[in-house]
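[1] sequence and predicted structure below; questions after.
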Amino acid sequence: MEPYFSGVAGADYTVSLCWRVYVPAEGERLWPRVSDREVVDIPIVEVREALQEDDAVCRLAADGDTVELTQAEHLRPGDQVVIPTDRGLLDCFGWTPNATGRVVDASLAGHGLPLDATAIRRLCGLELGSLVSTTLQVDEDGEPEQDGRQEAVATILEALRGADTPTGWTEDEWLDFTRALAPVVEQPRFEVPRLPILTGEAARYSNDLGSDFDELSLNAALIVLEEHGQAVGSLARQIAERIGLSETLSEVVECAGTLHDIGKADERFQRWLDPEARHEGLLAKSDTPRHRWEATRAAAGWPRGGRHEDLSGRLVRAWLEQNSAWSDQVHRDLLVHLVVSHHGKGRPLVPSAADGSARLVSTEVNGTLVEAPADLAVIDWSQPRRFRRLNDQFGPWGLALLESIVQMADHAVSASADVSRGTTG
């Protein structure tokens, strides 16, 4: 009888809000990544009303990481919005549009401290702008000023440990957090510099696992593309055999590891990795300093946010078209998917980038020359169907296991200081 008295309920359209001490500029990536435990879903009408006088609203783009600015009236159902902690809107009872008190940033514990003066002030009220600037200074060669940096980091840590416990933290929580901060400055591309919390082997790969814009392509030395692929393929096969996969699956996993980075053969990507053309062969990793990474990308013509694994997948598909006898359709699909998904994308789509290139990317696969369109604005709409078929075949956990073999082999080889180093000339 209820519909006769109160009517039929309409759709409940919401947006997800999270509060952060550091809100990135447009085009930067949010760090740490948003987790379910820190978001609050609020009806979109209420959020639009509460934020209507704000100059701009920070929301996450379709990739879930990159920040874009918009107006409150342009928010869409399902958007993820990042709110500065000193903006209020939340109190101990929940969503309160007229609340003005500081909100706790629930993302920091277990991850680290953004090295940003505004973020630190929002967190604990300290004014450390000059010290933060010192930690980020570079010398005439573009390298970090290590002596001044270490002294500034030590002073920042000392100040944090002596600060009053921030709102929303217990004294023990704050003490544990500040003691766990490593005196090491991390400066990933497109993200805020920070002092990380390193808690064992898992933390060693924490940034690599979130390498949405190819941070794994940075290395202390140049690394040859073919040798890197062979090393990853070999390790992936070892893992597959040790966990008891069939010979056929082990072969597919090895092939995926070997071919996962062949999209880096794109001329633009190679100019990005080796802007001074010091190496005559194709590279997988670059020794370019991090602070020059964005400038060299732009100069090389590689589109921002472009996914090399998308090109790898295209080249693998082109190779399969020339080798119709290679395995059956299920394992052909699996090979393409494992290559496309080795950075966690392709489930079901690899995001596009603003490109429009008319060029082709080409390389050799098992002695066969293959080529494919290099325009990263084009989306592979066959990938969702491929992903669905593979889920039906292997189950979601089985497919995730196969993906993880290639991903972990790539991370392990990339983290090794002695694997596949190229020579410069």
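    Received it, and whenever you're ready, just let me know what you need. Numbering: from 1, shown residues only.
[2] what does the domain assignment say about this structure?
    11-95, 112-204, 215-415 (automatic domain parsing).
[3] weakest of those domains by average pLDDT?
    Ranked by mean pLDDT, the domains of the chain end with domain 112-204 in last place, scoring a mean of 85.
[4] count of neighbours near Leu401?
    Summarising burial for Leu401: neighbours were counted as other Cβ atoms under 10 Å, giving 14. The C-beta positions use only the backbone N, C-alpha and C, and glycine is treated the same way.
[5] so it sits in a helix?
    Yes: when DSSP: H, G, I helix; E, B strand; the rest coil is applied, Leu401 is found to be in a helix.
[6] contacting residues for it?
    Ile243 (Cβ atoms under 8 Å, 6 or more residues apart in numbering).
[7] ditto for Gln383
    If a contact means Cβ under 8 Å, 6+ apart, then Gln383 has Gly313, His337, Val340, Gly346, Pro348, Leu349, Val350 as its contacts.
[8] the nearest residue to the last one once chain neighbours are set aside - how many residues pack around it?
    The reference is to Val350. Distance criterion Cβ to Cβ, 6 or more residues apart in numbering; nearest residue to Val350, sequence neighbours excluded, is Asp310 at 4.6 Å. The criterion is other Cβ under 10 Å. On that basis, Asp310 has 27 neighbouring residues.
[9] ok, Asp310 - contacts?
    Taking Cβ under 8 Å, 6+ apart, one finds Gly263, Val340, Lys345, Val350, Leu376, Asp380 in contact with Asp310.
[10] give me the buried positions along stretch 230-247.
    When neighbours are counted by 16 or more other Cβ atoms under 10 Å, the buried residues of stretch 230-247 are found to be Gln230, Ala231, Val232, Gly233, Leu235, Ala236, Arg237, Ile239, Ala240, Leu245.
[11] in the stretch 1-150 of the chain, which spans are helices?
    For the stretch 1-150 of the chain, the helices defined by DSSP state H, counting those that start in this stretch cover 2-6, 44-51, 117-124, 129-135, 146-162.
[12] may I see the buried residues of the fourth one?
    Going back to what we said before, that points to helix 129-135. Of the residues in helix 129-135, those buried by neighbour count under the rule 16+ other Cβ under 10 Å are Leu131, Val132, Thr134, Thr135.
[13] please enumerate the strands of this protein.
    14-20, 40-43, 57-60, 67-70, 80-84, 90-91, 94-95, 112-114, 194-196, 223-224, 283-285, 360-365, 368-373 (DSSP state E).
[14] just checking: what are the partner strands of the second one?
    In other words, strand 40-43. Each strand paired with strand 40-43, and its direction, by DSSP bridges: strand 14-20 (antiparallel).
[15] my guess is Val21 contacts Ala119, does it?
    Yes: contact status for Val21 versus Ala119: in contact at 4.2 Å, counting by Cβ atoms under 8 Å.
[16] okay, those two: which has more neighbours?
    Neighbour comparison, Val21 and Ala119: the larger count goes to Val21, with 25 against 22 (by other Cβ under 10 Å).
[17] check contacts around that one.
    Neighbour list for Val21: Pro84, Thr85, Asp105, Leu108, Pro114, Thr118, Ala119, Ile120, Arg122, Leu123 [criterion: Cβ under 8 Å, 6+ apart].
[18] mind putting those into a markdown table with distance to Arg317?
    A markdown table is the format used below for the contacts of Val21 (distance: Cβ to Cβ, whole Å):
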| residue | distance to Arg317 |
| --- | --- |
| Pro84 | 45 |
| Thr85 | 46 |
| Asp105 | 43 |
| Leu108 | 43 |
| Pro114 | 41 |
| Thr118 | 46 |
| Ala119 | 44 |
| Ile120 | 48 |
| Arg122 | 48 |
| Leu123 | 48 |
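[19] quick one: buried ones out of these?
    If you count burial by 16+ other Cβ under 10 Å, the buried members of these come out as Pro84, Thr85, Asp105, Leu108, Pro114, Ala119, Ile120, Arg122, Leu123.
[20] which among the residues you listed gets closest to Asn323?
    Compare each of the buried ones among the contacts of Val21 with Asn323 using Cβ to Cβ and the shortest gap goes to Pro114, at 48.9 Å.
[21] leaving out chain neighbours, which residue sits closest to that closest one?
    Nearest to Pro114 is Tyr22, by Cβ to Cβ, 6+ apart, at 3.9 Å.
[22] ditto for Glu171
    In space, Glu171 comes closest to Thr165 once its chain neighbours are excluded; the distance is 5.0 Å by Cβ to Cβ, 6+ apart.
[23] surely that neighbour touches Trp174?
    Yes: between Thr165 and Trp174 there is a contact under Cβ under 8 Å: 4.6 Å.
[24] quick one, which of those two is more surrounded?
    In this view Thr165 and Trp174 are compared by other Cβ under 10 Å, and Trp174 has more residues nearby, 20 against 13.
[25] separation between that one and Gly162?
    Using Cβ to Cβ, to the nearest Å, Trp174 is found at 11 Å from Gly162.
[26] burial measure for the closest residue in space to Val47 that isn't next to it in sequence, as a count.
    Leaving aside its chain neighbours, Val47 sits nearest to Val15 (5.2 Å; criterion: Cβ to Cβ, 6+ apart). Applying the criterion other Cβ under 10 Å, we find 24 residues in the vicinity of Val15.
[27] check contacts around Val15.
    The neighbours of Val15, taking Cβ under 8 Å, 6+ apart as the test, are Asp41, Ile42, Ile44, Val47, Leu75, Arg76, Pro77, Gly78, Asp79, Gln80, Val81.
[28] beta partners of the last one?
    Translated: Val81. Counting by DSSP bridges, Val81 is bridged to Leu17, Arg59.
[29] same check on the second one?
    In this structure, Ile42 has the following beta-bridge partners (DSSP bridges): Val15.
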